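K.L.:
Sharing a sequence plus its predicted fold:
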Amino acid sequence: MVDAEVHVIDRGGIRCDMNYMLEGHVLATREEPNPDSDYGEIPVWNLVIDHPEGTILWDTGSHHDAADGHWPDDLVEAFDPYDASDHRLDDDLAAAGYAVEDIDAVFVSHLHIDHAGGLEFFAGTDTPIYAHEEELQFAYYDAKVGADDGGYLLSDFDHDLNWRPLYRDHEEHFTDLEFVRLPGHTPGLTGSVLHLDDEGTLVFAGDQAYMRANYEAEVPLGGPLLWGKTEWRESLRRLQSIERRHDAAVVFGHDADQFESMRPGWGV
């Protein structure tokens with residue numbers, strides 16, 4: 001167990017059809033052939049983990065110009081980053097009492113547009129950027145030649161960065177902070193397991209589970225955002241096993257209700 005602080009950084013929100021979050025969330029029936037859609041808002045957040053061995057930024061959010069030309073129009077239409085311009089990474093870090101220069105390492109759960117948009121702030125620096133090898137390979141391939149994922153932008157992550165690829169399914173680079181590969185949403189999606197002295201074990205599931213229903217009711221992510229359903233279910237079982245083994249609290253990737261309850265963080 002480690003004596004660390006975990007600060008939750010609000011990075012704005014995204015508005016979208018909730019069918020992206022939960023497979024079959026709104027479906028037509030014989031009696032209701034034209035049901036109302038559920039168009040809602042999901043939070044985007046990062047973490048700053050003040051660990052005895054370094055200050056770690058967990059994900060980097062959406063690019064601050066996402067709605068102003070950085071994202072293609074079709075992505076803005078589908079996933080409206082309506083307040084991204086109010087949430088530059090450096091400004092949001094400053095509001096939490098940190099500067100970009102204070103960050104000793106960056107962990108990127110995966111390289112989709114709402115997670116990799118702030119990587120440019122670390123271009124040309126020696127700050128190590130941890131991401132899984134499988135994610136790096138797939139993201140570059142998709143962005144270069146197209147693999148029908150649509151969630152990657154080369155301009156988010158194709159910078160002069162000090163990449164530190166993760167190669168295994170479980171890796172520990174900081175005491176009691178484990179990176180765990182959870183393929184399904186993407187091939188290289190990676191969550192984190194943090195064992196805290198006072199708060200117990202936290203499992204940051206990332207986009208393996210957007211919302212509580214993905215995890216507890218085992219409702220898959222919406223089809224366009226699910227790279228492999230079989231892999232997703234296997235990763236779900238892996239998470240459930242970790243939760244049982246450590247009596248852990250599981251933190252979901254974009255759950256609005258949970259987001260309100262988990263601020264400002266743990267141990268702070």
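P.N.:
Ah, there it is.
K.L.:
CA only for contacts and neighbour counts going forward, please
P.N.:
OK.
K.L.:
Quick check: buried residues in the helix or strand of the chain with the lowest mean pLDDT?
P.N.:
Across the helices and strands of the chain, mean pLDDT, DSSP states H and E gives its lowest value to helix 133-145, namely a mean of 93. Within helix 133-145, the residues that qualify as buried by neighbour count (16 or more other C-alpha atoms under 10 Å) are 133, 134, 135, 136, 138, 139, 140, 142, 143.
K.L.:
Could you check the pLDDT of residue 150?
P.N.:
Each residue has a pLDDT score; the one for residue 150 is 74.
K.L.:
What's the local residue count around it?
P.N.:
Other residues within reach of residue 150, judged by other C-alpha atoms under 10 Å, total 16.
K.L.:
show me the contacts for it.
P.N.:
residue 142 (C-alpha atoms under 8 Å, 6 or more residues apart in numbering).
K.L.:
what does residue 221 give?
P.N.:
Contacts of residue 221 (C-alpha under 8 Å, 6+ apart): 20, 21, 22, 23, 185, 209, 210, 214.
K.L.:
Select from the residues you listed the one having the most neighbours.
P.N.:
Busiest of those [other C-alpha under 10 Å] is residue 209, holding 29 neighbours.
K.L.:
quick one, strands of the stretch 51-200 of the chain?
P.N.:
In the stretch 51-200 of the chain, strands defined by DSSP state E, counting those that start in this stretch lie at 54-58, 105-107, 128-132, 162-166, 170-174, 177-181, 190-196, 200-206, listed in chain order.
K.L.:
closest one to residue 80 among these?
P.N.:
Nearest to residue 80, of all the strands of the stretch 51-200 of the chain, is strand 200-206, at 19.7 Å by C-alpha to C-alpha.
K.L.:
what's the angle between that closest one and strand 177-181?
P.N.:
Relative orientation of strand 200-206 versus strand 177-181 (axes from the mean of the first three to the mean of the last three C-alpha atoms, to 10 degrees): 30 degrees.
K.L.:
can you give me how far stretch 201-211 is from the chain middle?
P.N.:
8 Å (C-alpha atoms, centre = their mean, to the nearest Å).
K.L.:
check contacts around residue 253.
P.N.:
Residue 253 makes contacts with 204, 205, 206, 207, 208, 209, 210, 211, as judged by C-alpha under 8 Å, 6+ apart.
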